[in-house]
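Participant: Pasting a predicted model and its sequence here:
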Amino acid sequence: MDTVPDPSNPTEALAAVLSLRRLADRLEAASVQAAIDQGWTWQQIAQALGVTKQAVHKKYAKRIQLSTPH
Amino acid sequence: MLSSLRRARADVALMGTVLPAAEHLAQADGIPEPGAEHLLLAALDLPDGYARRAFSAVGCDVTTLPRVLRQGHDEALRAIGLRADDEAIGAAMPPPGDASGPLRAQGSLQVAFARAVSLAKADGLPVSSGHLLLAVIEPDHGTVVRALTRLGIDRASLTRETRSLLGSS
């Protein structure tokens, strides 16, 4: 199937929603780490994610391994 | 009274162990909020061993559970035509941070933990990995039940074995 599942099949549709959310979370965490590794600032990451710098910093600052000081 | 106080103290001690462990597992997975699947995996590591023994009693090797849970997500994504390089994403994941503690528990984890507390109270026992297991396998839908189905585990049998180990009805 190449389309989003029919919402009238909630078993399949809701399982897809849950897994899409998980994928988005995982991709975000890995990409923020990559962005920091490539020298992005928290401000730039926040802009790319459409959130505030404070929000992204609060979420990741304690986890992300800083390769260069920011 | 003393017994209920002891039980409450044991429950708080267990919360202080299993909830941060679930959060750690979730963060390692790239998920900000732990869910029932992380609570299940954390429960399997509790020293009381009830959950682990219950899985053994139904012939399940618990070391396969993390992989089967991941496969469930992959399968759900494939059903909508999406393939994600989960291994590459996992390899790029930042390390888990410090757990924020029990108070941040929410979502399916919070529901499951509250249910485990209620089941343990009904048994007159402190919350154990067995009660956590009973709570996470109770819902008819979700990641955990799909993993059990993939493993060919009958929920009723797993529930029965867990209750038998706990000596509860």
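Facilitator: Happy to help now that I have it.
Participant: does A:Leu23 sit in a helix or strand, and which one?
Facilitator: helix A:10-37 (DSSP states H and E).
Participant: any idea which helix or strand comes after that helix?
Facilitator: That would be, after helix A:10-37 and using DSSP H and E, helix A:42-49.
Participant: Is that following helix in proximity to chain B?
Facilitator: No: counting by CB under 8 Å from any CB of the partner chain, chain B is not contacted by helix A:42-49; separation bottoms out at 12.6 Å. Every C-beta, even on glycine, is put in place using the N, C-alpha and C of the backbone.
Participant: re the thing from before, chain center to the helix holding A:Leu23, what's the gap?
Facilitator: 6 Å (CA atoms, centre = their mean, to the nearest Å).
Participant: residue ranges for the helices of chain B, please.
Facilitator: Ranges of helices in chain B, per DSSP state H, are B:2-28, B:36-44, B:50-57, B:65-78, B:86-92, B:107-123, B:129-137, B:143-151, B:155-166.
Participant: out of the ones you listed, nearest to A:Pro7?
Facilitator: Closest of the helices of chain B to A:Pro7 is helix B:65-78, at 14.6 Å (criterion: CB to CB).
Participant: could you say what helices and strands that closest one packs with?
Facilitator: helix A:10-37, helix B:36-44, helix B:86-92, helix B:143-151 (3 or more CB pairs under 8 Å, 6 or more residues apart in numbering or on different chains; DSSP states H and E).
Participant: Show the average pLDDT along that helix.
Facilitator: For helix B:65-78, mean pLDDT rounds to 92.
Participant: same question, stretch B:83-91
Facilitator: On average, stretch B:83-91 scores 86.
Participant: Could you report the pLDDT at B:Pro95?
Facilitator: 83.
Participant: before we move on, what about A:Gln54?
Facilitator: pLDDT at A:Gln54 comes out at 94.
Participant: State the distance from it to A:Glu28.
Facilitator: 16 Å (CB to CB, to the nearest Å).
Participant: Of the two, which one has the most company?
Facilitator: A:Glu28 (18 against 10; other CB atoms under 10 Å in any protein chain shown).
Participant: which residues does B:Ala120 contact?
Facilitator: B:Arg7, B:Asp11, B:Pro126, B:Val127, B:Ser128, B:His131 (CB atoms under 8 Å, 6 or more residues apart in numbering or on different chains).
Participant: Output the residues you listed in CSV, with neighbour count, distance to B:Ala147 and pLDDT appended to each entry.
Facilitator: Converted to CSV, the contacts of B:Ala120 look like this (neighbours: other CB atoms under 10 Å in any protein chain shown; distance: CB to CB, whole Å; pLDDT from 0 to 100):
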residue, neighbour count, distance to B:Ala147, pLDDT
B:Arg7, 16, 30, 85
B:Asp11, 20, 26, 87
B:Pro126, 20, 27, 94
B:Val127, 28, 22, 96
B:Ser128, 26, 21, 96
B:His131, 32, 19, 97
